[in-house]
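Participant: Okay, sequence plus prediction incoming.
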Amino acid sequence: GDSVTQTEGLVTLTEGLPVMLNCTYQTIYSNPFLFWYVQHLNESPRLLLKSFTDNKRTEHQGFHATLHKSSSSFHLQKSSAQLSDSALYYCALSDPSGSWQLIFGSGTQLTVMP
Amino acid sequence: GALVYQYPRRTICKSGTSMRMECQAVGFQATSVAWYRQSPQKTFELIALSTVNSAIKYEQNFTQEKFPISHPNLSFSSMTVLNAYLEDRGLYLCGARDSTGSYEQYFGPGTRLTVL
């Protein structure tokens, strides 16, 4: 079945350093939608980025990601981390042509230190 | 804009009792609603997918007998956790998709269930 893998459970870095959170996926669908959701403490997840176009960079609030179907990846990046970026980040997959529910990865806790 | 409300935001129930949570879509027509559960230290699990005028599809490990869902119209859905036990605690999220075919799910703030 479909799956999303986030290899890092916990990422800790210093403010100002670049951020990269890994996301790879497996799916039988040829045109999946990939999403990044961010969840701050005691809040519900909020959509950060989404993409369904191969090799096209998508950006929002300083974060960016590019869907690479050749490597089944959708890594989240930011050039300079801020303290307010500390949160849980979930990568998710959806197949809009069929059952459209989201399949979530296990999440990556990003902690940005001063 | 599109908003999803969920209530109650937090609830506590005694082990073996039941509690009902509601999900309301505002600003769009929620043709389909997905209910998820985020258990402590875990990711989001899909409980069931509900589409108006269609049968509700439950995922493995979740049943209608345990999590009955009602989706009577394009703006409202409810789910009950029957006979709740400790393993049912967590954050229950409602994700709604509109009828225009947008590929984004709008999430509500969630209902956090604590079972004593």
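Facilitator: Yep, it's here. Residues are numbered from 1 along each chain as shown, chains lettered A, B, ... in the order given.
Participant: Give me the contact status of the helix or strand containing B:T31 with chain A.
Facilitator: In this assignment (DSSP states H and E), B:T31 forms part of strand B:30-38. Yes - using Cβ under 8 Å from any Cβ of the partner chain, strand B:30-38 reaches chain A at B:32, B:34, B:36. Bear in mind the C-beta positions are built from the backbone N, C-alpha and C, glycine included.
Participant: would you list every one of the strands in chain A?
Facilitator: Taking DSSP state E as the criterion, chain A contains strands spanning A:3-5, A:10-14, A:19-21, A:24-26, A:33-39, A:46-51, A:57-60, A:63-66, A:76-78, A:87-94, A:103-104, A:108-113.
Participant: Any idea which of those strands gets closest to chain B?
Facilitator: strand A:103-104 (4.5 Å; Cβ to the nearest Cβ).
Participant: Does that closest one reach chain B?
Facilitator: Yes - Strand A:103-104 reaches chain B (Cβ under 8 Å from any Cβ) through A:103-104.
Participant: what residues does that strand touch?
Facilitator: A:2-4, A:37, A:90-94, B:43-44, B:46 (Cβ atoms under 8 Å, 6 or more residues apart in numbering or on different chains).
Participant: and the gap between the residue nearest in space to the middle of chain B and B:Y92?
Facilitator: Taking Cα atoms, centre = their mean, the centroid of chain B lies closest to B:W35, which sits 3.4 Å from it. Using Cβ to Cβ, to the nearest Å, B:W35 is found at 7 Å from B:Y92.
Participant: which residues do the two both contact?
Facilitator: The contact lists of B:W35 and B:Y92 share B:47, B:79, where a contact means Cβ under 8 Å, 6+ apart.
Participant: close enough to count as contact, A:S94 and B:A34?
Facilitator: No - A:S94 is beyond contact range of B:A34, at 10.1 Å (criterion: Cβ atoms under 8 Å).
Participant: Give me the common contacts of those two.
Facilitator: Joint contacts of A:S94 and B:A34 (Cβ under 8 Å, 6+ apart) are A:101-102, B:105.
Participant: Going by distance to B:I69, which of those residues wins?
Facilitator: Nearest to B:I69 among the shared contacts of A:S94 and B:A34: A:Q101, at 13.7 Å, using Cβ to Cβ.
Participant: List the contacts of the closest one.
Facilitator: Under the criterion of Cβ under 8 Å, 6+ apart, the contact list for A:Q101 reads A:94, B:34, B:46, B:49, B:95.
Participant: near chain A at all, the helix or strand hosting the third one?
Facilitator: Element membership of B:L46, judged by DSSP H and E, is strand B:44-51. Yes - counting by Cβ under 8 Å from any Cβ, chain A has neighbours in strand B:44-51: B:44, B:46, B:49.
Participant: Return the list of helices and strands in contact with that strand.
Facilitator: strand B:30-38, strand B:57-58, strand B:69-73, strand B:76-81 (3 or more Cβ pairs under 8 Å, 6 or more residues apart in numbering or on different chains; DSSP states H and E).
Participant: ok, the shared contacts of A:S94 and B:A34 vs B:D88, which is closest?
Facilitator: Of all the shared contacts of A:S94 and B:A34, B:D88 sits closest to A:Q101, with 20.1 Å by Cβ to Cβ.
Participant: I appreciate the help and will end here.
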